[in-house]
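Q: Give me the fold of what follows.
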Amino acid sequence: MELKHISHLIDISESKLFGFMPNDEKIYSFELSNENGMKVQIINYGATVTSLQVPLENGKLADVVLGFDTLDSYLQSYSLPSAPYFGTTVGRYAGRINKGIFTLNEKTFQLVGNNNGNTLHGGNFGFGRKVWSVVNSTNEKSPSITFRLVSENLDENFPGELTVDLTYTLTEANELQLEYKATTTEDTVISLTHHSYFNLNGHESTVLDQEMFVNSDQILETNSDNIPSGNFTNLSNHAFDFRTPKNCPPVIDNSFVIEAKNEIAAQLFSKKNNLQMNVYTDQPSVHVYVGGNCFDTLKGKENANYHTSSGICFETQNFPDAPNHSHFPNSVLKKGDEYQQKTVYQFQKIS
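A: Next up, the predicted model:
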């Protein structure tokens, strides 16, 4: 059995073979479950969440994230007109970098222009397309699993060899916690995020009848390519003011400025399943995106037909294009320092 990406210290008896990479390397699926019956399944391709089953009042489970049943579908999804990045870990840099160019330590780096000449989600082969190692797991209460990726120097033309550890923990409070740590051999730029599409009614429906809340009074102003201008748009009397919950919009692809730490950054509500999701983050932004379209080319899990409003992403991250705006939050990870990020998706019955 080929396990070069699985530590010999890890008990893989709880894992299942998920598929084969083009080079025949095996990809495994790992399941965490808590005492309430909540379950999450994660594969070491992209450290990707493929399923997140949340218990409902009627004793049933709702799978609240979009995904595919096979590894082949995840691989093929990057050939769609717009790759959905279902459940993946996004890096080295989440969101867009203008024209794929940034300057660091007086040196200019030209990245791949994979989105209208701009760099999106790390380039052509971002972290969601890479095979991660499994380096640790725990099976007691609040089980966890830690994935590791070593991104070589000049991977997608980003400087420095970057080592990323991502720990998923499923708590007894029905929280999926994501904790990221990263170090680099040279100064670099970094912004990691998680790209699950949530749908509290179940992954095969629409999010347009669910309400959302975002604890933000500003979004980043952007141009027609969705590149930040450097200015901010006040949300008073704006269609995207979600400080009072209202229905998810059919089209949104915007970065909300999050000022308050340790408070709820965003929420999603399903009256159908009497379920709410609370998003907590220590990041300066939550990028909200409604989508999931597979263009009638690929089938989702359980033969689902995913469309333009199948799910909603709450991408907790630094501001897009921060390396090119000195007044945006720092995006530079210096050699010898450690990048840290924590995001929590908590599921509760609507009270």
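
Q: For burial, what's the neighbour tally of V90?
A: Neighbour count for V90, taken as other C-beta atoms under 10 Å: 24. Just so you know, the C-beta spots here come from the backbone N, C-alpha and C atoms, and that holds for glycine as well.

Q: for it, what are its contacts?
A: Contact analysis of V90 by C-beta atoms under 8 Å, 6 or more residues apart in numbering lists H121, G122, G126, F127, G128, L192, T193, H194, H195, E315, Q317.

Q: Make sure the second one is actually in contact with G91.
A: When you say that, I think you mean G122. Yes - assessed by C-beta atoms under 8 Å, G122 is found in contact with G91 at 5.3 Å.

Q: re earlier: inside strands: which ones of the contacts of V90?
A: Among these, the ones falling in strands (DSSP state E) are T193, H194, E315, Q317.

Q: Quick one: buried ones out of those?
A: For these, a burial check counting by 16 or more other C-beta atoms under 10 Å picks out T193, H194, E315, Q317.

Q: Can you tell me how far the closest residue to T308 other than its chain neighbours is from P250?
A: Spatial nearest neighbour of T308, chain neighbours left out: N293 (4.7 Å); criterion: C-beta to C-beta, 6 or more residues apart in numbering. Remark: distance between N293 and P250 (C-beta to C-beta, to the nearest Å) = 12 Å.

Q: between those two, what contacts are shared?
A: T308.

Q: Settle it for me: which of these two has more neighbours?
A: Per other C-beta under 10 Å, whichever of N293 and P250 has more neighbours is N293, with 17 against 12.

Q: what's near enough to touch the more buried one?
A: Counting by C-beta under 8 Å, 6+ apart, N293 makes contact with L80, S82, P84, Y306, H307, T308, S310.

Q: count of neighbours near N278?
A: The burial count for N278: 17, using other C-beta under 10 Å.

Q: How about M21?
A: Neighbours of M21 (other C-beta under 10 Å): 12.

Q: quick one: contacts for it?
A: Listed by C-beta under 8 Å, 6+ apart, the contact set of M21 reads I27, Y45, L71, L75, V131.

Q: Touching, the third one and L17? I think so.
A: Put plainly, it is L71. No - judged on C-beta under 8 Å, L71 makes no contact with L17 at a distance of 9.5 Å.

Q: what do the two both touch?
A: Common contact partners of L71 and L17 (C-beta under 8 Å, 6+ apart): I27.

Q: If you count surrounding residues, which of those two has more?
A: Taking other C-beta under 10 Å, L71 and L17 do not tie; L71 has more neighbours (20 against 12).

Q: pLDDT wise, what is that one at?
A: With respect to pLDDT, L71 scores 98.

Q: separation between it and V214?
A: 34 Å.
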